[in-house]
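Novice: Here you go, sequence then predicted model.
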Amino acid sequence: MPSEGKREYKLVKTKNIKQFYFGLEVKQHDQRLWKYIKWQAKNGYPDWKPQYPKQIVTILENGKKDITLDVKPPRCLKNMPLRAIKQDFHDLFQGWLYNETTAEAVISLYNKTTRESRRISILDPMWLVNCLKKDIDCLFYNKIVYEKRDKVQAQQYQSIVDVCYAKDINSGRYWKSKWRDLEIDKFSKRYKHGKKFEEIAKRAAELGKRKLGKPIPTDQTPIESE
């Protein structure tokens with residue numbers, strides 16, 4: 001029984017998870033994670049905030065208990081934010097290649113007027129979705145350069161550019177979808193709520209001035225000499 005004022009934590013072995021022990025089913029690189037999960041459970045989850053699902057107990061015909069956990073769906077990020085990268089670089093474009101040392105695509109830029117050279121490092125191919133249409137066109141017509149052994153990795157960047165070019169996907173594209181409508185609706189509600197709060201604060205300030213005649217003196221209010 002749990003002591004008063006203190007909750008006992010334990011790992012529940014469910015039907016679809018059988019890796020709560022260090023056995024053959026646990027991969028070698030996953031053992032550290034499972035060890036960390038056990039440590040969290042034994043110490044009351046100091047770093048995590050897990051939910052405590054309701055247990056539904058069903059008595060089977062053979063007299064054994066069948067325990068089902070009623071787990072609520074997790075709250076997760078639905079719209080993944082894209083990292084802001086350099087925009088409108090097509091006029092300075094020199095070429096782009098796959099760097100096997102850093103495992104990223106490198107876009108080389110050169111300004112002929114100032115004679116300055118720069119580069120843009122793209123680690124995740126999905127970052128290219130956030131380019132302008134002219135930048136996408138530039139990367140589409142100028143294919144990425146790579147070594148033969150790096151073809152699979154380099155083609156991941158080129159394939160994203162090809163899809164963006166074919167489907168007209170770029171940072172200036174306005175997507176008409178359900179999540180976009182919900183995003184606009186939430187923004188309008190926040191905007192109206194902020195405006196309403198400003199009006200209430202303004203009315204309260206005017207009412208206070210009418211009732212008091214002048215603002216309440218504070219430490220910063222200069223005191224008029226008699």
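Specialist: Received it, and whenever you're ready, just let me know what you need.
Novice: Could you count how many residues lie near Leu82?
Specialist: 13 (other CB atoms under 10 Å). C-beta here means a position set from N, CA and C on the backbone, and glycine is covered the same way.
Novice: Average pLDDT for the helix ranked longest in the chain, rounded please.
Specialist: Secondary structure of the chain read by DSSP state H shows that its longest helix is helix 178-212. Averaged over helix 178-212, pLDDT sits at 76.
Novice: repeat for stretch 146-161
Specialist: 93.
Novice: mind listing what's buried in that stretch?
Specialist: Tyr146, Asp150, Gln153, Ala154, Gln155, Tyr157, Gln158, Ile160, Val161 (16 or more other CB atoms under 10 Å).
Novice: do stretch 87-99 as well
Specialist: Buried residues in stretch 87-99 (16+ other CB under 10 Å): Phe89, His90, Leu92, Phe93, Trp96, Leu97, Tyr98, Asn99.
Novice: Look up phi and psi at the last one.
Specialist: Geometry field for Asn99 lists phi and psi as phi -100, psi 110, criterion degrees, to the nearest 10.
Novice: and if you look at the fifth one?
Specialist: The phi and psi torsions at Trp96 (degrees, to the nearest 10) take the values phi -140, psi 150.
Novice: ok, it touching Arg119?
Specialist: No - contact criterion CB atoms under 8 Å: Trp96 and Arg119 do not qualify, at 9.0 Å.
Novice: anything in contact with each of the two?
Specialist: Val106, Ile107, Ser108 (CB atoms under 8 Å, 6 or more residues apart in numbering).
Novice: Okay, and the first one sits in which element?
Specialist: The one in question is Val106. strand 104-111 (DSSP states H and E).
Novice: Show the subsequent helix or strand relative to that strand.
Specialist: Next along the chain after strand 104-111, with elements defined by DSSP H and E, is strand 116-122.
Novice: packing partners for that following strand?
Specialist: Packing partners of strand 116-122 (3 or more CB pairs under 8 Å, 6 or more residues apart in numbering; DSSP states H and E): strand 104-111.
Novice: The strand it packs on - contacts with which helices or strands?
Specialist: So strand 104-111, by 3+ CB pairs under 8 Å, 6+ apart, packs with strand 93-99, strand 116-122.
Novice: Excluding its own residues, what touches the first one? List them.
Specialist: Residues from elsewhere that reach strand 93-99 (CB under 8 Å, 6+ apart): 104-110, 117, 138-139, 142, 144-147, 150, 153-154, 157.
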